[in-house]
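> Sequence and predicted structure below; questions after.
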Amino acid sequence: MTDLTATKTQARKAAFARRKDAYAMHKPGVAGHLSEVLAGYRGVPLSGYMPIRTEIDPLAAMAEAAAHGPVAVPVILAAGQPLKFSRWQPEAPLRDGPFGAKVPEVDDFFEPEILIVPLVAFDVRGGRLGYGGGFYDRTLERLRAKRPTLAIGFAFDAQEAQDLPLEPTDQPLDMLITESRVLQFLR
């Protein structure tokens, strides 16, 4: 195990504990700021995510956005591959996907221009620590090579960290939204 790998493992462990505590204390309406931001992008194809474990829940904001344009959720096809995105509707049937996240029962893939990105930890410069599989990094790199793609991290305030162990392949966030604030990062 390299020093960076060990550092990332420790950072994730600490961040998971903070996120778990925040999740246990959260109140309804945590997606209010996310809804406000997405209202400014009505009709732009976007992807949210189906929350797992103690992730902050974006579903209310996704449902509002789905009334105005296409919304997808990520689908993992294989390890080491970019994500694909399948059209999601609030009441449409779902099936079990990898890692416990639900995905649409019938795949209808498209490429979003906005990605609401789950995370384990973030910093105030737009750095993001994910689960370690690199799915969002590969996906954002591929999408950004084609056209501008907005990456919006969504997290609890408690997931903020100092000095995240980042690598050159880690794709930065353009914006970070928590239950209490919106941060924008200039690139």
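Received it, and whenever you're ready, just let me know what you need. Here the structure is a predicted model, which means the values were calculated and not measured.
> how about the strands in this structure?
Secondary structure of the chain by DSSP state E: the strands cover 46-47, 71-75, 84-87, 94-96, 102-104, 114-117, 121-122, 128-129, 150-154, 175-177, 182-184.
> Make CSV out of those strands and add mean neighbour count.
C-betas here are computed from N, CA, C, even on glycine. Shown next, in CSV, are those (neighbours: other C-beta atoms under 10 Å):
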stretch, mean neighbour count
strand 46-47, 25
strand 71-75, 24
strand 84-87, 20
strand 94-96, 11
strand 102-104, 19
strand 114-117, 26
strand 121-122, 25
strand 128-129, 22
strand 150-154, 24
strand 175-177, 24
strand 182-184, 14
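> Output these in CSV; the columns should cover mean pLDDT.
Listed next are the strands of the chain as CSV, based on pLDDT from 0 to 100:
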stretch, mean pLDDT
strand 46-47, 98
strand 71-75, 97
strand 84-87, 98
strand 94-96, 95
strand 102-104, 95
strand 114-117, 98
strand 121-122, 97
strand 128-129, 96
strand 150-154, 98
strand 175-177, 98
strand 182-184, 96
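> For those strands, give me a markdown table that also has distance to Glu55.
Formatted as a markdown table, those follow (distance: least, C-beta to C-beta, whole Å):
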| stretch | distance to Glu55 |
| --- | --- |
| strand 46-47 | 15 |
| strand 71-75 | 13 |
| strand 84-87 | 17 |
| strand 94-96 | 16 |
| strand 102-104 | 13 |
| strand 114-117 | 11 |
| strand 121-122 | 12 |
| strand 128-129 | 13 |
| strand 150-154 | 8 |
| strand 175-177 | 13 |
| strand 182-184 | 18 |
